[in-house]
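**Student:** any chance you could fold what I've pasted below:
(one chain, ligands or ions: 1)
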Amino acid sequence: MQAGEPRNGKQVVMDQEEIMERNGASENMHKKAGEAGIIRLDAELGIVSLDETSGSLIGSPPESLLGRRIDGIVDLANLGKLMHNGISFSNQVIVAGDRRLACDYVPIVEDDRIVGGVLTVLGVLPKETDGSSDDLKELLRSAGAFMDLDYHGIIILDRNGTVVMVNQSFAEVLDATPQTMIGKHVHQAYHNSQPSRMPVVMETGKPEISSHYMNGKEVFASRYPLIKQGKVIGCVGKILFKDVREISLLANRLQSAREKKTPARAIAEKGSLFKYDIDSIVGQSAKIAELKETLLRVAPKNSNVLLRGESGTGKELCAHAIHAASTRRYAPFVKVNCAAIPDHLLESELFGYADGAFTGAKKGGQVGKFELADTGTIFLDEIGDMPLAMQAKLLRVLQERELVPLGSTVPKVVDVRVVAATNSNLEQLVSEGKFREDLYYRLNVVALTIPALKDRMEDIYIITKNFIDHFNAEFGLSVQGIDSEAWEVLKHHNWPGNIRELRNVLESAFNAVSGPLITKENLPIRLAQLCPHSTLPHEFAPGEDLESYIRQHLGKKNISDMMDDLERVILEKALEICNGNKLHAAQLLGISRPGLYKKLQKYPSLEKT
Ligand SMILES: Nc1ncnc2c1ncn2[C@@H]1O[C@H](COP(=O)(O)OP(=O)(O)OP(=O)(O)O)[C@@H](O)[C@H]1O
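**Tutor:** Purely as a prediction, here's the structure:
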């Protein structure tokens, strides 16, 4: 259909009503419009129907407008492009003759195709705004198109201090709408706020950037005088940060990334602010590609995530990646290892305590991890080891989004996304009554299983290459790779400790390597022993006869080293019997969970396996 050609209004209107209902546009638009005029357009911006109000607001009888293109009747400036591209806007200005009209626009989409749109003419803007200079009017027309799309709040004043343009984002900070602000002097348009600095900026002609209290919030804003041929014609203000705390969070992160030499420095130089992000998950297997895709899909949502997988597979790394790909990325990421904290300290660690809550408590109390993670992400590692009493308290915080610090009666509201991880069989713990079923369902909203290294052995090459690069930088070496005999050893191992074990093996090889390639001799003895033709002297290993070990090493190793060998084997065996469950292993060994963690720190290859 050509522009200007009359249309069969009735038929098209009925179709569009139907489409609008489906798009959810109709009801909202009418409600919002009140006394406003409604103009329905087709895909080429031709007028399909319009009401009396639109005609009188535009200043022409409706029948003289029907069938014509809207951009031939009013000056849409850049808004025309948005409408053509199916982008909605609100409270933008179009010019009809000498009238400036405030308008909203919603496209109508059917089967992913833009079939038309609804332009709501909200009203004629007050005359005083027309006191702006021609230069300012021109600027406003071209500014209109981008202002509504800008995340930052933007406001424009004319030389008299009258608001001539303001976007949704800015108005939201004041709990207002652009329509209620436009036409008012800036001092009347702001409520519950510090007086605007923009009139001052127009007086001095000097831009300013500073924090400002608006509607009870401290924002960070810039203001620039608009100068044409040496004359101030208005002022533009922009809210750069809607909460000044965002700035210090960002600055702290940048600072710590700058200070650290490796690996955060390297990551920062790559252009990322985060310790780890999705690119830190190395692997080319289909399993890892699928995992990364899922991580990126769930990251922007706010749902709790449960990461499952054997120890050392990269659950913590994935938690970091989720945080870095979420909208919470500039807020804190706080990790809590539920198994490593003694039961009686866990509550105060998570929720904090008030002044004088218990004997020995710090003066002034202490902020808990949940509060530290406010607006960010809390990573609850080893959630399966959380004591039952604590599980009930955690559930309450997840449900009510508020916590009460130990010894306090005042609840605190927290906005925290929970990513939990476990290598325990939670379903079994639930059936044994050791893990609350309701908490299980709360955490299990999105469950992701990280594959074990043995199930994606094709990744071992690229992960090894990455660790070699990493350790070359850390050790100041230039190791080229791994010789074929050493590769045989790595490939025959079944990696119960997964990537963490591979990393530890390579780190220990870097301590031993003397040439360009890592050899079998540079690998830990217990690994090299797997190779059938090993000639290396062996260490005490599980299943070995204790007496023959002692005979072989007496006089070669001191007693403390031999005790360490023995301790390592005992710990390894206990963990194996308990399927890696540290709480059970600690009970079996007759020590506390934190005590077990302390011991495991002595043996890198065992730590957390
Ligand atoms: N895909 C990967 N690419 C590179 N490094 C990885 C990968 N997965 C894990 N790592 C590294 O392996 C080590 C162990 O990872 P991580 O701590 O995330 O494992 P985990 O599953 O949380 O372990 P645990 O269950 O014992 O807490 C870390 O040094 C981590 O950076």
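**Student:** what's the span of stretch 56-73, first residue to last?
**Tutor:** 13 Å (C-alpha to C-alpha, to the nearest Å).
**Student:** confidence score at E371?
**Tutor:** Looking at E371, its pLDDT stands at 92.
**Student:** and the one 10 residues further on, by the same measure?
**Tutor:** Reading off the confidence values, D381 has pLDDT 95.
**Student:** phi, psi of it?
**Tutor:** phi -80, psi 150 (degrees, to the nearest 10).
**Student:** pLDDT below threshold where in the stretch 401-550 of the chain?
**Tutor:** Applying pLDDT under 70 to the stretch 401-550 of the chain flags residues 528-544.
**Student:** repeat for the stretch 101-250 of the chain
**Tutor:** 126-135, 137-151.
**Student:** by proximity to the ligand, which residue of it wins?
**Tutor:** Among all residues of the stretch 101-250 of the chain, L249 sits closest to the ligand, at 23.5 Å; criterion: C-beta to the nearest ligand atom. Where you see a C-beta, it was placed from the backbone N, CA and C, and this is true even at glycine.
**Student:** wait, doesn't that residue sit right on A331?
**Tutor:** Yes - between L249 and A331 there is a contact at 6.2 Å, judged by C-beta atoms under 8 Å.
**Student:** neighbour-wise, which of those two wins?
**Tutor:** A331 (21 against 18; other C-beta atoms under 10 Å).
**Student:** okay, now R568: neighbour count?
**Tutor:** 21.
**Student:** just the closest residue of the chain to the ligand, please.
**Tutor:** G314 (2.6 Å).
**Student:** contacts only, for that residue.
**Tutor:** Contact analysis of G314 by C-beta atoms under 8 Å, 6 or more residues apart in numbering lists I281, I450, N498, I499.
**Student:** strands - which of those residues land there?
**Tutor:** If you go by DSSP state E, those have nothing in strands.
**Student:** pull the most distant pair out of those.
**Tutor:** Among those, the pair separated by the greatest distance (C-beta to C-beta) is I281 and N498, at 13.0 Å.
**Student:** which of these two has more neighbours?
**Tutor:** Applying other C-beta under 10 Å to I281 and N498 shows that N498 carries more neighbours, namely 24 against 19.
**Student:** where along the stretch 351-500 of the chain do the helices fall?
**Tutor:** 369-372, 388-400, 426-431, 437-443, 460-475, 484-492, 498-512 (DSSP state H, counting those that start in this stretch).
**Student:** outside of the second one, which residues touch it?
**Tutor:** For helix 388-400, contacts defined as C-beta under 8 Å, 6+ apart pick out 304, 338, 343, 346-347, 350-351, 370, 380, 386, 403, 414, 418, 434-436, 438-439, 442-443.
**Student:** can you rerun that using 10 Å?
**Tutor:** Helix 388-400 has contacts (C-beta atoms under 10 Å, 6 or more residues apart in numbering) with 304, 338, 341, 343, 346-347, 349-351, 368, 370, 378, 380, 383, 386-387, 402-404, 411-414, 416, 418, 420, 433-436, 438-443.
**Student:** count the residues that sit near L101.
**Tutor:** Residues near L101, counting by other C-beta under 10 Å: 22.
**Student:** OK, contacts around D381?
**Tutor:** Counting by C-beta under 10 Å, 6+ apart, D381 touches 307, 315-316, 319, 335-340, 419-423, 608.
**Student:** run the last query once more with 7 Å
**Tutor:** By C-beta atoms under 7 Å, 6 or more residues apart in numbering, D381 lies in contact with E316, K335, V336, N337, C338, A421.
**Student:** likewise for S211?
**Tutor:** S211 touches E218, V219, F220, V244, counting by C-beta under 7 Å, 6+ apart.
**Student:** the first one: what secondary structure?
**Tutor:** Applying DSSP: H, G, I helix; E, B strand; the rest coil to E218 yields a three-state assignment of strand.
**Student:** now it, nearest residue through space, not along the chain?
**Tutor:** The spatial neighbour of E218 that comes closest, neighbours along the chain excluded (C-beta to C-beta, 6 or more residues apart in numbering), is V244 at 4.6 Å.
**Student:** tell me who's in contact with that neighbour.
**Tutor:** By C-beta under 7 Å, 6+ apart, the contact list for V244 reads S211, E218, V219, F220.
**Student:** so which of those is the most crowded?
**Tutor:** Going by other C-beta under 10 Å, V219 tops the contacts of V244 with 21 neighbours.
**Student:** quick check: bridge partners of it?
**Tutor:** Bridge pairing for V219 (DSSP bridges) gives the partners H212.
**Student:** how much space separates it from F241?
**Tutor:** Distance of V219 to F241, given as C-beta to C-beta, to the nearest Å: 6 Å.
**Student:** same deal with H344?
**Tutor:** Taking C-beta to C-beta as the measure, H344 falls 41 Å from F241.
**Student:** neighbour-wise, which of those two wins?
**Tutor:** Just comparing H344 and F241: by other C-beta under 10 Å the higher neighbour count belongs to F241, 18 against 9.
**Student:** next SSE downstream of the helix or strand hosting I154?
**Tutor:** Taking DSSP states H and E as the criterion, I154 maps to strand 153-158. Next helix or strand after strand 153-158 toward the C-terminus (DSSP H and E): strand 163-166.
**Student:** helix or strand right after that following strand?
**Tutor:** Past strand 163-166, the next helix or strand by DSSP H and E is helix 168-173.
**Student:** now for that following helix, which elements pack on it?
**Tutor:** Helices and strands touching helix 168-173, by 3 or more C-beta pairs under 7 Å, 6 or more residues apart in numbering; DSSP states H and E, are strand 153-158, helix 178-181.
**Student:** most neighbours per residue, which of those?
**Tutor:** Ranked by mean neighbour count under mean count of other C-beta atoms under 10 Å, the helices and strands packed on helix 168-173 are led by strand 153-158, which reaches a mean of 25.
**Student:** could the helices of the stretch 351-500 of the chain go into JSON lines alongside distance to L523?
**Tutor:** Output for the helices of the stretch 351-500 of the chain, formatted as JSON lines (distance: least, C-beta to C-beta, whole Å):
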{"stretch": "helix 369-372", "distance to L523": "38"}
{"stretch": "helix 388-400", "distance to L523": "41"}
{"stretch": "helix 426-431", "distance to L523": "35"}
{"stretch": "helix 437-443", "distance to L523": "39"}
{"stretch": "helix 460-475", "distance to L523": "12"}
{"stretch": "helix 484-492", "distance to L523": "6"}
{"stretch": "helix 498-512", "distance to L523": "6"}
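**Student:** please name the nearest non-neighbouring residue to S478.
**Tutor:** N472 (5.8 Å).
**Student:** wait, I meant T375
**Tutor:** Counting by C-beta to C-beta, 6+ apart, A331 is the residue found nearest to T375 once chain neighbours are left out, at 4.1 Å.
**Student:** checking my notes, that neighbour in a helix, right?
**Tutor:** No - per three-state DSSP, A331 lies outside any helix segment and is coil.
**Student:** how about it, what does it touch?
**Tutor:** A331 sits next to L249, T375, G376 when contact means C-beta under 7 Å, 6+ apart.
**Student:** swap the cut-off to 8 Å and go again
**Tutor:** Counted by C-beta under 8 Å, 6+ apart, A331 has contacts L249, A373, D374, T375, G376, T377.
**Student:** and those, which are buried?
**Tutor:** The neighbour count (16 or more other C-beta atoms under 10 Å) marks L249, A373, D374, T375, G376, T377 as buried among the contacts of A331.
**Student:** looking at these, spot the one nearest D51.
**Tutor:** For the buried ones among the contacts of A331, the nearest to D51 is T375 (45.5 Å; C-beta to C-beta).
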